[in-house]
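[1] can you look at this prediction? I've put the sequence above it.
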Amino acid sequence: MRVSKFKKKIQIIYAEKQLGNERHRVVRQFKGFLMAILRAILIIGLSYVILGPLIGIIANSFFSNSDKYSPIIYLIPQNPTLERYRIALLRMDYWNVMRNMLIYVAGLTVIQLFICSMVGYGFARYTFPFKKLLFACVVIMIVIPSHTVMLPLFTTFREFNPFGLVGLFNDGESINLLGGGSAIAGGVLPMFIMTLFGCGLRAGLYIYIFNQFFRALPKEIEEAAEIDGAGTFYTYMFIMMPNAKPSIITVTIFSIVWQYNDTFFTRLFNINDNIALSKQITSLWANVENIDRVMDRSIIQLYVNAGIVLVIIPVIVLYVLLQKQFIEGVERSGIVG
């Protein structure tokens, strides 16, 4: 009798435990289901916020006049036309400006890769006076908005005469490096000067990325190179840089996209319109209105939409081609950590 009661008690305890496990499993599944719904809502919401306007711009760029004023047409045009793109290509001088823009962006990107990687490598591997203070300045470059130093930059490059050296060769006069009537090299020299001295567009972030990546590499690599007789520059250029491919890809994509889309420094330094594609968008409205005699503001907006699509196509192509390498580079370059 006692044995049978003991067995029944064990069976009851086992059944209660099984019931508890089942309840926990159901609760976990329910929580997982709720989290999946929440993720779906967030992804759909973010996709709508980000892609909604873009889809609308692309769709409207194919609208004809009748499609624009038809109350039954929303995204898919009934009479699609490429006229908006033809006019936008012509009025923006798209191919010539794009060529100049790519040369300008490529030059800045190459300089940023070299300078920022060298500075990041120095911070990661060497000890020198005021190292922490200088790295704090790099962090400040990341967090301080560019608008904060807008006036000093404008004044510096409008009357460019560092330490009075320019005046020695120019009868004591400073020179104006900004674009405009007395433009030198189309007003792009300020960007190249800033980039050469490691304070160009987003340079602080690029230095931080390289610094984090080089710190993660084992020092045995450099020690082996030193034993083999390699100098400091040789070790940096031919041993460390090939190992920094993820960071190089990340910084390259960031630099190209941000330089390509930059409007702040383009306007601040008044870079010529035949170099800055972003400035062509702002003048497209006036060109269509004055040259093509289109007075309807709604129709003019269709031409502007086509111009916007033409501007963002190179960026989309770049991300599509380098998507895998970019994601791997971000994961390995120390941005998250």
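    Everything's here; your move. Numbers count the residues shown, from 1 in each chain.
[2] contacting residues for the closest residue to residue 199 other than its chain neighbours?
    Excluding the flanking residues, the one nearest residue 199 by CB to CB, 6 or more residues apart in numbering is residue 141, at 6.6 Å. Any C-beta I mention is one placed from the backbone N, CA and C, and that applies to glycine too. By CB atoms under 8 Å, 6 or more residues apart in numbering, the contact set of residue 141 is 199, 203-205, 207.
[3] any idea which of those residues has the most stuff around it?
    residue 207 (28 neighbours; other CB atoms under 10 Å).
[4] got the CA positions of the one helix or strand that residue maps to in CSV?
    Take DSSP states H and E as the rule and residue 207 turns out to sit in helix 203-216. Provided in CSV are the C-alpha atoms of helix 203-216 (Å, rounded to 0.1, in the frame of the first residue of the first chain):
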residue,chain,number,x,y,z
ALA,A,203,37.5,62.3,-41.0
GLY,A,204,37.2,61.8,-37.2
LEU,A,205,34.9,58.7,-37.8
TYR,A,206,37.3,57.2,-40.3
ILE,A,207,40.3,57.6,-37.9
TYR,A,208,38.3,56.0,-35.2
ILE,A,209,37.4,53.0,-37.4
PHE,A,210,41.0,52.4,-38.4
ASN,A,211,42.2,52.9,-34.8
GLN,A,212,39.7,50.3,-33.5
PHE,A,213,40.6,47.8,-36.2
PHE,A,214,44.4,48.1,-35.8
ARG,A,215,44.1,47.8,-32.1
ALA,A,216,42.4,44.4,-32.6
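[5] buried sites along the following helix or strand past it?
    Note on helix 203-216: by DSSP H and E, the next helix or strand toward the C-terminus is helix 220-227. With burial defined by 16 or more other CB atoms under 10 Å, the residues of helix 220-227 counted as buried are 222, 225.
[6] hang on, the earlier thing: now do the SS call for the residue nearest to residue 199.
    helix (DSSP: H, G, I helix; E, B strand; the rest coil).
[7] how close does it get to residue 56?
    Using CB to CB, to the nearest Å, we find residue 141 at a distance of 36 Å from residue 56.
[8] ditto for residue 227
    62 Å.
[9] same check on residue 257?
    22 Å.
[10] buried residues in the host helix or strand of residue 106, which are they?
    Assigned by DSSP H and E, residue 106 belongs to helix 94-125. By 16+ other CB under 10 Å, the buried positions in helix 94-125 come out as 94, 97-98, 100-101, 104-105, 108-109, 111-113, 115-125.
[11] host element of residue 57?
    Judged by DSSP H and E, residue 57 forms part of helix 2-60.
[12] quick check: what element follows that helix along the chain?
    Taking DSSP H and E, what comes next after helix 2-60 is helix 65-69.
[13] I'd like the average pLDDT over that following helix.
    Taken as a whole, helix 65-69 has a mean pLDDT of 87.
[14] which of residue 257 and residue 56 has more residues huddled nearby?
    Neighbour tally, residue 257 and residue 56, criterion other CB under 10 Å: the higher count belongs to residue 257, 16 against 13.
[15] check which helix or strand the more buried one maps to.
    Short version, using DSSP H and E: residue 257 is in helix 245-261.
[16] that helix packs against which elements?
    helix 94-125, helix 203-216, helix 297-321, helix 323-332 (3 or more CB pairs under 8 Å, 6 or more residues apart in numbering; DSSP states H and E).
[17] so which elements touch the second one?
    I take that to be helix 203-216. Packing partners of helix 203-216 (3+ CB pairs under 8 Å, 6+ apart): helix 94-125, helix 131-143, helix 245-261.
[18] and the longest one with helix 220-227, angle?
    With axes from the mean of the first three to the mean of the last three CA atoms, to 10 degrees as the basis, helix 94-125 and helix 220-227 are set at 80 degrees to each other.
[19] how about the shortest one?
    Relative orientation of helix 131-143 and helix 220-227, computed by the same axes, to 10 degrees: 130 degrees.
[20] after helix 131-143, which helix or strand is next?
    Next along the chain after helix 131-143, taking DSSP H and E as the criterion, comes helix 150-158.
[21] mind checking what helix or strand follows that following helix in sequence?
    With elements assigned by DSSP H and E, the helix or strand that comes after helix 150-158 is helix 165-168.
[22] buried residues, the helix or strand that that following helix is followed by. List them.
    Downstream of helix 165-168, the next assigned helix or strand under DSSP H and E is helix 189-196. For helix 189-196, the neighbour count (16+ other CB under 10 Å) marks 189-195 as buried.
[23] let me have the residues you listed in TSV, extended by distance to residue 290 and pLDDT.
    Listed next are the buried residues of helix 189-196 as TSV, based on distance: CB to CB, whole Å; pLDDT from 0 to 100:
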residue	distance to residue 290	pLDDT
189	32	89
190	31	90
191	30	92
192	34	92
193	36	91
194	35	93
195	36	93
